[in-house]
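J.: A structural model of the following input is requested.
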Amino acid sequence: MLRFYGASESEVAQALAAAGGDGDGVDVTICARDFEIHVDLFVQPGAEERALLIEDGLASRHLFSRDETGTADLVLALLRERGLTLGTAESCTGGLVAARLTDVPGASDVFAGSVVAYSDDVKVRELGVPEVMLREHGAVSAEVAAAMAQGARSRLGVDVAVSVTGVAGPDGGSEEKPVGLVFLHASGPMGERPLRFDFPGDRVTIRGRSAVAALHLVRRLVTESAQT
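T.: Numbering: from 1, shown residues only. Coordinates of the predicted model:
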């Protein structure tokens with residue numbers, strides 16, 4: 001199984017076609033699962049070399065896993081290998097990122113906890129987000145997302161923290177900040193990584209995609225910093 005994040009199903013299908021497509025002993029299925037793209041290769045005896053050629057042709061910066069290990073498991077393992085702890089600061093996701101992490105048995109040796117800062121008062125009181133920042137930029141902003149992540153690192157005493165703030169809808173959007181606008185930020189000793197998304201879909205979809213994006217943002221912060 002090859003798993004991609006950040007690529008569309010059509011992009012992966014085009015890469016498969018460019019690699020020669022399936023057949024000749026290799027059957028390939030492409031599907032979207034949990035806001036990722038998963039490619040299953042079913043290889044008949046004697047077609048291993050062709051399967052490797054297809055795999056090489058599909059490899060890209062969006063390929064993050066070659067097995068079925070869950071994304072939360074993968075993130076926790078990466079942090080564990082580096083001796084790093086993790087915390088989350090969540091607004092619109094309301095603890096969904098933390099829930100995905102704590103679904104993994106043994107997560108407690110890496111994951112310390114979460115601050116669900118849904119109101120501005122909690123963002124100020126528990127995460128140290130400056131009131132002036134909230135007035136000038138609003139709760140849904142890159143600036144507040146960065147402050148939330150940095151505040152979580154301090155408040156929770158962790159090495160790495162990821163934050164999520166956005167407009168999940170169906171109400172609360174505006175022309176400047178429409179429903180689906182989400183800001184994320186990962187902060188750690190290796191640096192800072194901001195991210196902005198304009199997600200389509202309903203409230204459940206936006207919150208789910210935001211939670212998955214937060215996990216991948218941590219993964220990228222850790223793995224890409226290790227490569228530089």
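
J.: let me know the outermost residue of the protein.
T.: residue 46 (37.2 Å; Cα atoms, centre = their mean).

J.: now the top helix by length along the chain: mean pLDDT?
T.: Taking DSSP state H as the criterion, the chain has its longest helix at helix 203-226. Per-residue pLDDT over helix 203-226 has a mean of 94.

J.: and that helix, what does it pack against?
T.: Packed against helix 203-226 by the contact rule (3 or more Cβ pairs under 8 Å, 6 or more residues apart in numbering; DSSP states H and E) you find helix 71-81, helix 96-102, strand 160-166, strand 181-188, strand 191-198. C-betas here are computed from N, CA, C, even on glycine.

J.: where does pLDDT dip in the chain?
T.: Along the chain, the parts satisfying pLDDT under 70 run over 226-228.

J.: again, 80 this time
T.: 225-228 (pLDDT under 80).

J.: about what we covered before: and the helices and strands packed on helix 203-226, which is most packed in?
T.: strand 160-166 (a mean of 29; mean count of other Cβ atoms under 10 Å).

J.: could the helices and strands packed on helix 203-226 go into CSV alongside distance to residue 6?
T.: Below are the helices and strands packed on helix 203-226 laid out as CSV (distance: least, Cβ to Cβ, whole Å):
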stretch, distance to residue 6
helix 71-81, 13
helix 96-102, 18
strand 160-166, 16
strand 181-188, 13
strand 191-198, 11
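
J.: among these, which comes closest to residue 3?
T.: Ranking those by proximity to residue 3 (Cβ to Cβ) places helix 71-81 first, at 8.2 Å.

J.: and the closest one with strand 181-188, angle?
T.: 20 degrees (axes from the mean of the first three to the mean of the last three Cα atoms, to 10 degrees).

J.: list the buried ones in the next helix or strand after helix 71-81?
T.: Sequence-wise, the next helix or strand downstream of helix 71-81 (DSSP states H and E) is strand 86-90. Buried residues in strand 86-90, counted by 16 or more other Cβ atoms under 10 Å: 86, 87, 88, 89, 90.

J.: pull the most distant pair out of these.
T.: 86 and 90 (12.8 Å).

J.: which residues do those two both contact?
T.: When Cβ atoms under 8 Å, 6 or more residues apart in numbering defines a contact, no residue borders residue 86 and residue 90 alike.
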